[in-house]
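1. coordinates for the following, if possible.
(one chain, ligands or ions: 1)
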Amino acid sequence: MHIGILTSGGDCPGLNAVIRGAVIKGTRIHDRSFVGIRDGWRGLVEDDCFPLKRKRVRGLSGMGGTILGTSRTNPYEGGGPERVREVMARNDMDSLIAIGGEGTLTAARRLADEGIHVVGVPKTIDNDLSATDYTFGFDTAVSIATESIDRLRTTAEAHHRCMVVEVMGRHVGWIALHAGLASGAHAILIPEVATTLDQITEWVLEAQRRGRAPVVVVAEGFVLDGEEEAVAQHGLDAFGRPRLGGVAQRLAPMIEDATGIETRQMTLGHLQRGGSPTAYDRVLATRFGVGAIDAVVAEQWGTMVALDGIDIATVSLTDAVGTLKTVPRARYDEAAILFG
Ligand code: F6P
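-> Numbering: from 1, shown residues only. The predicted model follows:
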């Protein structure tokens, strides 16, 4: 019998390293074989699977994207557990490794509750899964954002401008906090901390008084204190993000009007998820892949691999989903001492 592997939800640097780690340890140590499932749960409900041989994963640890492809399909909208069982049986699969974020892991937990043999691997550049200390992809996203902010700073300095840089993070501000700290931002704005335009103006003007080109780093899910009514009016998108347009686009003219400093903005977007993972993410992702195979062999169904300090552990999928890991106020305050 084979082990099925799928990657689901938004892609994330390190997915291929997970697949490689799982397939190499599974074939070499446990004498197991694998089936690759294309485009996440879609491939499972539509029976789009192929034999995933060891030679296919050669040299994959540094490759971005996912060789399996991904989608945001929910298996419960495509036939549910009955269909999943049928396709698994047709492809001689006795178990599944599902690599994904909150949505994928929630579906995996439901399937595990129905008796399907599933092990989860956490994946998100946002680092917002509460049951693991870190997720792979986060370090890469922070590195790309930091380098980009460093570059935007030099052009802002040349023109004596203010620069507003939007990074990913629809519910939490981990990328903004880390990239902002690493690049010496003069203000960091995150969904967890209500901030007024007056406060932002103060930080920006303070930076200018000290002869700096003010840099404001903002997480995409940030809503300015006072914008609540507009948010309620426009509603939220499928991800729970306010349909107000990009936050950097909204903030830049407000900051320019309030400070009188010419202000430009940039949304880094999917650049943060593209390309090669950092060494840290390659190592973490490989360890997650190896840990997932160990969990399959130990028949720890309904669990997810996680980073606990420096160790790879398993936690129950029930504990792993449902609560987002937000930035603690103390972590934000520690950074805010450096603003302005
Ligand atoms: O979950 C990671 C994430 O990168 C979020 O920060 C962002 O809102 C979302 O994915 C964007 O995903 P998509 O690929 O659907 O545009």
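2. can you point me to the longest helix in the protein?
-> With secondary structure taken from DSSP state H, the chain has its longest helix at helix 138-159.
3. hmm, it touching the ligand?
-> No - for helix 138-159, no contact with the ligand is found by Cβ under 6 Å from any ligand atom; the gap never falls below 7.9 Å. No exception for glycine: its C-beta is placed from N, CA and C like everyone else's.
4. which one is residue 133 nearest to, not counting chain neighbours?
-> Nearest non-adjacent residue to residue 133, counting by Cβ to Cβ, 6 or more residues apart in numbering: residue 307, 4.5 Å away.
5. show me where the stretch 51-200 of the chain has helices.
-> Along the stretch 51-200 of the chain, counting by DSSP state H, counting those that start in this stretch, helices occupy 80-90, 102-113, 138-159, 174-183, 197-209.
6. out of those, which is the most enclosed?
-> The highest mean neighbour count among the helices of the stretch 51-200 of the chain, using mean count of other Cβ atoms under 10 Å, belongs to helix 174-183: a mean of 25.
7. how about residue 49, phi and psi?
-> Phi and psi for residue 49, reported as degrees, to the nearest 10, are phi -130, psi 160.
8. give the bridge partners for it, please.
-> Beta-bridge partners recorded for residue 49 (DSSP bridges): residue 37.
9. all helices for the stretch 201-340 of the chain, in order.
-> All helices of the stretch 201-340 of the chain, identified by DSSP H, counting those that start in this stretch, fall at 228-234, 247-259, 279-297, 317-320, 329-336.
10. mean neighbour count and distance to residue 115 added to those, as JSON lines?
-> Converted to JSON lines, the helices of the stretch 201-340 of the chain look like this (neighbours: other Cβ atoms under 10 Å; distance: least, Cβ to Cβ, whole Å):
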{"stretch": "helix 228-234", "mean neighbour count": "12", "distance to residue 115": "41"}
{"stretch": "helix 247-259", "mean neighbour count": "19", "distance to residue 115": "43"}
{"stretch": "helix 279-297", "mean neighbour count": "23", "distance to residue 115": "16"}
{"stretch": "helix 317-320", "mean neighbour count": "20", "distance to residue 115": "14"}
{"stretch": "helix 329-336", "mean neighbour count": "14", "distance to residue 115": "40"}
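11. worst average pLDDT in the ones you listed?
-> Averaged per stretch, pLDDT over those is lowest on helix 228-234, reaching a mean of 83.
12. longest single strand anywhere in this structure?
-> The strand that spans the most residues within the chain, counting by DSSP state E, is strand 93-100.
13. walk me through which strands that strand pairs with, and which way each runs.
-> Strand 93-100 has the following strand partners under DSSP bridges: strand 2-7 (parallel), strand 118-122 (parallel).
14. now the ones you listed as a markdown table including distance to the ligand?
-> Supplementary listing: the strands paired with strand 93-100 in a markdown table, determined by distance: least, Cβ to the nearest ligand atom, whole Å:
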| stretch | distance to the ligand |
| --- | --- |
| strand 2-7 | 13 |
| strand 118-122 | 12 |
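15. the residue lying closest to residue 275 once chain neighbours are set aside and the ligand, how far apart?
-> In space, and not counting its chain neighbours, residue 275 is closest to residue 64: 4.7 Å by Cβ to Cβ, 6+ apart. As judged by Cβ to the nearest ligand atom, to the nearest Å, residue 64 and the ligand stand 14 Å apart.
16. for residue 64, give me the pLDDT.
-> pLDDT at residue 64 comes out at 98.
17. coming back round to it: nearest to residue 302, of the helices of the stretch 51-200 of the chain?
-> Nearest of the helices of the stretch 51-200 of the chain to residue 302, taken as Cβ to Cβ: helix 102-113 at 3.5 Å.
18. residues contacting the closest residue to residue 188 other than its chain neighbours?
-> Leaving aside its chain neighbours, residue 188 sits nearest to residue 180 (3.7 Å; criterion: Cβ to Cβ, 6+ apart). By Cβ atoms under 8 Å, 6 or more residues apart in numbering, residue 180 lies in contact with 149, 187, 188, 217, 335.
19. can we see that at 7 Å?
-> Going by Cβ atoms under 7 Å, 6 or more residues apart in numbering, residue 180 touches 188, 217, 335.
20. is it true that the first one touches residue 333?
-> Right, residue 188. No - using Cβ atoms under 7 Å, residue 188 is not in contact with residue 333, being 11.2 Å away.
21. can you give me the neighbour number for the residue in the stretch 1-150 of the chain that the ligand sits nearest to?
-> The ligand sits closest to residue 10 of the stretch 1-150 of the chain, with a gap of 3.9 Å, by Cβ to the nearest ligand atom. Applying other Cβ atoms under 10 Å, we find 19 other residues in the vicinity of residue 10.
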